[in-house]
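> one predicted model, sequence on top.
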Amino acid sequence: MKTSSKTLDGPEEKSKHITGRDLTNNNASEKAGSYFLKVHHNSEISSNQIFSLKRKLTLLITIAIALAAFLMTACEPDPEPCINCVTVPSSPDPNTTPPTDQIAIRSIHPSAGAPGSKVTIVLENYSNATSDQYVTFGPSSAEVIYARYGMMIVRVPMDLKDGDYQVNIRSNGQVARAPQEFKVIKGTD
């Protein structure tokens, strides 16, 4: 900041320059105020004007320091992305209630049948068939005959022997488990 002044009564004084270095000192407003008084010692300046000038200079210095601090922190580089991070989804606990938007098997009708028979599965939070959709009876995949509006009709896999099998549905990345097992009985339809 460059400041020069002329006195009203008396010989001219050399103008003095106030630098940014002078303003960064803790007593910059005092230096500026005393300089102003020295240059204008014969002028008609009230103490209120001097006080006002000191307040304005202090405010300007505070703003300049805050702006410099902001600019220095705003230019920090972004943190490096994690390269070896792997997010592993936890397997759902069968004893917990699924979230409201989670697909769920409400019932299976009939609850027993022969291989190749049709079974109706009533679902919650299911609307339409997708390409990512599988129904299993134990280790075997079932053929999906119909899948819409909360219901599926599937064919019991032909390779199953007599016994009880857990029925699972996988749709859109979600897995649902039937509340009861399906009993395969040869010779019933």
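Happy to help now that I have it. Keep in mind the model is a prediction, meaning the values are calculated, not measured.

> tell me where this protein has strands.
104-109, 112-113, 118-124, 133-137, 140-141, 143-148, 151-155, 163-165, 167-171, 174-177, 182-184 (DSSP state E).

> dump those strands to TSV, plus mean pLDDT, mean neighbour count and distance to Leu67.
Any C-beta I mention is one placed from the backbone N, CA and C, and that applies to glycine too. What follows is the strands of the chain, written out as TSV (pLDDT from 0 to 100; neighbours: other Cβ atoms under 10 Å; distance: least, Cβ to Cβ, whole Å):
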stretch	mean pLDDT	mean neighbour count	distance to Leu67
strand 104-109	90	16	57
strand 112-113	93	18	77
strand 118-124	91	17	58
strand 133-137	90	19	59
strand 140-141	92	14	66
strand 143-148	88	14	63
strand 151-155	91	18	64
strand 163-165	93	15	71
strand 167-171	90	20	56
strand 174-177	89	17	52
strand 182-184	93	19	72
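
> reformat these as a markdown table; add distance to Ala68.
Below are these laid out as a markdown table (distance: least, Cβ to Cβ, whole Å):
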| stretch | distance to Ala68 |
| --- | --- |
| strand 104-109 | 59 |
| strand 112-113 | 79 |
| strand 118-124 | 60 |
| strand 133-137 | 60 |
| strand 140-141 | 67 |
| strand 143-148 | 64 |
| strand 151-155 | 66 |
| strand 163-165 | 72 |
| strand 167-171 | 57 |
| strand 174-177 | 53 |
| strand 182-184 | 73 |
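
> any idea which of those gets closest to Lys54?
strand 174-177 (69.3 Å; Cβ to Cβ).

> would you mind writing the CA trace of the closest one as CSV?
Output in CSV follows, covering the C-alpha atoms of strand 174-177 (Å, rounded to 0.1, in the frame of the first residue of the first chain):
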residue,chain,number,x,y,z
GLN,A,174,-31.4,-60.0,-3.4
VAL,A,175,-31.9,-63.4,-1.9
ALA,A,176,-35.1,-64.7,-0.2
ARG,A,177,-35.5,-67.9,1.7
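
> sheet partners, orientation included, of that strand?
Paired with strand 174-177 in the same sheet, following DSSP bridges, are strand 167-171 (antiparallel).

> spit out the contact partners of Ser127.
Applying Cβ atoms under 8 Å, 6 or more residues apart in numbering to Ser127 gives the contacts 148-150.
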